[in-house]
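Trainee: Quick one: sequence and predicted model below, then my questions.
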Amino acid sequence: GAVVSQHPSWVICKSGTSVKIECRSLDFQATTMFWYRQFPKQSLMLMATSNEGSKATYEQGVEKDKFLINHASLTLSTLTVTSAHPEDSSFYICSARDRRVNTEAFFGQGTRLTVV
Amino acid sequence: GNSVTQMEGPVTLSEEAFLTINCTYTATGYPSLFWYVQYPGEGLQLLLKATKADDKGSNKGFEATYRKETTSFHLEKGSVQVSDSAVYFCALSDSGNTPLVFGKGTRLSVIA
């Protein structure tokens, strides 16, 4: 199947700093990408949907100024956690789809963010 | 709206036991159905899928059949292994530019 590469796989940062997470589709055009947050032993919580070349659509309760999403090309989306705080510590997962076909979504490996 | 309900875990089985994880869905139209697996500390991997009624998805000994009449997509495996220990998510999709709708996940632990 298609490959989605997410980087970094883990990051530790200090409170108040910003962290950027990259999500790349390696062998297909990801016209739509999704960002999820997963708390321990829980399901995935959709944070936002990003379409290439347009602004991301955020789910209710997700601060768009806190979680900046950029989908600048058909193969790259980035999530920047700005002014991170310990409560932002979580597992973040990206997912990519080709909107031209109703196939499965492909997931990155996830990023474990720890804010100290 | 669309939704997925799957049995809550955790499920603990002995090696070589039979596995069933129930999944039912609510959707308008004719969604595609998926099972994903998540190993500890990793993202989700597609396990199998079915795109229309009566299709059977299968992979690595797991299988699930798209049952439109019962709106179900139960996951089964005849003989589980310790390496199958993971969290399993049932999901559906009704178009290519919307996020998948996930169930809450079922944690499976297989003991030797």
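Mentor: In hand now; what should we look at?
Trainee: Those residues of chain B touching chain A, which are they?
Mentor: Of all the residues in chain B, those in contact range of chain A (Cβ under 8 Å from any Cβ of the partner chain) are B:32, B:34, B:36, B:41-46, B:49, B:51, B:89, B:93-100, B:102-105, B:107. (C-beta placed from N, C-alpha, C; glycine too.)
Trainee: of those, buried ones?
Mentor: The neighbour-count test (16 or more other Cβ atoms under 10 Å in any protein chain shown) marks B:32, B:34, B:36, B:42-44, B:46, B:49, B:51, B:89, B:93, B:96, B:98-100, B:102-105 as buried among these.
Trainee: mind listing which of these are in strands?
Mentor: Assignment to strands by DSSP state E places the following of these there: B:S32, B:F34, B:Y36, B:L44, B:L46, B:K49, B:F89, B:S93, B:F102.
Trainee: just checking, the last one touches B:V87?
Mentor: Right, the one you point to is B:F102. No: with contact defined as Cβ atoms under 8 Å, B:F102 does not count as touching B:V87 (10.9 Å).
Trainee: Return, as residue ranges, the portions of chain A with sub-threshold pLDDT.
Mentor: Residue ranges of chain A with pLDDT under 70: A:1, A:99-102.
Trainee: Mind checking which residue lies nearest the centre of it?
Mentor: Among the residues of chain A, the one closest to the centroid is A:W35, at 3.6 Å (Cα atoms, centre = their mean).
Trainee: The nearest residue to it once chain neighbours are set aside and A:E59: what is the separation?
Mentor: By the measure of Cβ to Cβ, 6 or more residues apart in numbering or on different chains, the closest residue to A:W35 outside its immediate chain neighbours is A:M47, 4.6 Å from it. Relative to A:E59, A:M47 is positioned 6 Å away (criterion: Cβ to Cβ, to the nearest Å).
Trainee: more neighbours, the two?
Mentor: Regarding A:M47 and A:E59, a neighbour count based on other Cβ atoms under 10 Å in any protein chain shown identifies A:M47 as having more, with 22 against 14.
Trainee: Hmm, that one is touching A:I21, no?
Mentor: No: taking contact to mean Cβ under 8 Å, the distance of 11.4 Å between A:M47 and A:I21 leaves them out of contact.
Trainee: overlap in contacts of these two?
Mentor: Both A:M47 and A:I21 are in contact with A:L79, where contact means Cβ atoms under 8 Å, 6 or more residues apart in numbering or on different chains.
Trainee: My read is that the residue nearest to the centre of chain A contacts A:F67, right?
Mentor: Yes: under the criterion of Cβ under 8 Å, A:W35 makes contact with A:F67 at 7.5 Å.
Trainee: between these two, what contacts are shared?
Mentor: When contacts are counted by Cβ under 8 Å, 6+ apart, A:W35 and A:F67 are jointly contacted by A:M47, A:A48, A:L79.
Trainee: Which of the residues you listed sits closest to A:D98?
Mentor: Lowest distance from A:D98 to the shared contacts of A:W35 and A:F67 (Cβ to Cβ) belongs to A:A48, with 18.5 Å.
Trainee: and that closest one, what helix or strand is that in?
Mentor: Using DSSP states H and E, A:A48 sits in strand A:44-51.
Trainee: and that strand, what does it pack onto?
Mentor: Other helices and strands packing on strand A:44-51, by 3 or more Cβ pairs under 8 Å, 6 or more residues apart in numbering or on different chains; DSSP states H and E, are strand A:32-38, strand A:57-58, strand A:67-73.
Trainee: who touches A:A56 in this structure?
Mentor: Taking Cβ under 8 Å, 6+ apart as the test, what A:A56 contacts is A:A48, A:T49, A:S50, A:K64, A:I69, A:H71.
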